[in-house]
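>>> model this:
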Amino acid sequence: MEIERWKKEWGELDEAALRRRLEAEGYSVARYEYPQHTQFPDHSHSLDKKDAVLSGRFMIRAEGREFVLGPGDALAVPAGTIHSATVIGNDPVVSLDGSKR
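Sure, this is the predicted structure:
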C-alpha cells in the first residue's frame with residue numbers, strides 16, 4: 001500500500017475532478033465529511049476500497065504502517081485488509097470513498 005498524490009497534470013484538485021479519477025479507475029464513489037477527532041477502530045471491507053481526501057488530514061493505519069493523507073492524496077485498501085482511521089489536526093475531513101467489486 002502506498003499513498004497516491006494528486007498530479008498537477010490532472011488539473012485543479014476539486015471534488016468533480018477527484019470523483020472523475022476514481023470513477024475512471026472503476027470505483028463507485030460516495031462523499032463523506034468527518035468532524036475533528038473522528039476515529040474508526042480496526043475493521044475490514046469485503047470490497048476493494050480507495051480513500052481519497054479533498055480537505056483536512058486523515059491517518060489510516062494498516063499493515064503495521066501509518067499513512068497520513070492530505071488534500072489530493074488517496075490510498076487503496078484491498079478487500080480484507082484490517083485497518084483503522086483517524087481525523088487528525090483541527091479541520092474536518094472531506095473525503096471521497098471509492099468501492100470496487
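>>> Quick one: the strands in the protein, in order.
With DSSP state E, the ranges of strands along the chain come out as 3-4, 28-34, 39-43, 48-55, 57-62, 65-69, 74-77, 83-88, 93-100.
>>> report the angle between the axes of the third one and strand 83-88?
Note on geometry: by axes from the mean of the first three to the mean of the last three C-alpha atoms, to 10 degrees, strand 39-43 and strand 83-88 are set 170 degrees apart in direction.
>>> so how far is strand 39-43 off the chain centroid?
Centroid separation for strand 39-43 versus its chain: 14 Å, with C-alpha atoms, centre = their mean, to the nearest Å.
>>> what's the answer for the last one, then?
Taking C-alpha atoms, centre = their mean, the mean C-alpha location of strand 93-100 is offset from the chain mean by 5 Å.
>>> So which elements touch that strand?
For strand 93-100, the packing partners by 3 or more C-beta pairs under 8 Å, 6 or more residues apart in numbering; DSSP states H and E come out as helix 15-24, strand 28-34, strand 48-55, strand 57-62. For every residue, glycine as well, the C-beta is placed using N, CA and C.
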